[in-house]
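mind folding the following:
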Amino acid sequence: MKGIRVYIDTSIIGGKYDSEFQKASEIFFEQAKENKFHLIISALVQEEIVAAPEMVKKFFDELKSDATLIEVSEDALRLREAYLKANIVTKKSSNDALHVALATVNNCPMIISWNFKHIVHYEKITLYNSINILEGYQQIAIHSPLEVISYD
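Presented below is the predicted three-dimensional model:
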């Protein structure tokens, strides 16, 4: 049985190689292998990984085999535009809004991210969910790995 569907953004994959986030990232990915989480990865993540260091690219390639890959859809692009119009983030951070939109339109109950500026921030989460409701979507939980991993 696959675990809870969680959308992971690019920061989570790179977090495995960041000294600040490494331990929690490794536990998160271990628990995903144990089927606590079913990873949802988007074509946007795939596109952003191209600029990543080789070790991150290699890890991403390993992850893909157990994850579900979703495409960027017109619905997600429309929802991203609603987020931008609401000034949740600026156009410069539109990919961050697109990550949230992709997770939302693909019915992922949760996004896991290390992006505390544009995604995992209490003010942003409330705003994303307000727009989701206005646009006819469910609210989405947005967390860092520290909030979702099981501790022994």
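
can you give me the offset of stretch 140-148 from its chain's centre?
Relative to the centre of its chain, stretch 140-148 is centred 10 Å away, using CA atoms, centre = their mean, to the nearest Å.

pull out the buried residues from it.
Judged by neighbour count (16 or more other CB atoms under 10 Å), stretch 140-148 contains these buried residues: 140-146, 148. In short, each C-beta sits where N, CA and C put it, glycine included.

how long is it end to end?
14 Å (CA to CA, to the nearest Å).

please apply the same query to stretch 66-73.
22 Å.

what about it, distance to the chain center?
Put simply, stretch 66-73 sits 12 Å off its chain's centre (CA atoms, centre = their mean).

and the host helix or strand of residue 56, average pLDDT?
Per DSSP states H and E, residue 56 falls inside helix 54-64. Mean pLDDT, helix 54-64: 94.

after that helix, next one along is what?
strand 68-70.

average pLDDT for that next one, rounded please.
In this model, strand 68-70 has a mean pLDDT of 96.

other residues contacting the helix holding residue 56?
13-14, 16-17, 29, 39, 41, 45-46, 49-50, 52 (CB atoms under 8 Å, 6 or more residues apart in numbering).

next, the buried residues of it.
Neighbour counts over helix 54-64 (16+ other CB under 10 Å) mark 56, 59-60, 63 as buried.

which ones among the buried residues of stretch 140-148 map onto helices?
Residues of those located in helices (DSSP state H): 145-146, 148.

how about those residues in CSV, adding pLDDT and distance to residue 91?
Below are these laid out as CSV (pLDDT from 0 to 100; distance: CB to CB, whole Å):
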residue, pLDDT, distance to residue 91
145, 97, 28
146, 95, 30
148, 96, 30
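
quick one: the helices in this structure?
So, for the chain - with DSSP H - the helices run 10-15, 22-33, 43-49, 54-64, 74-85, 94-105, 122-134, 145-148.
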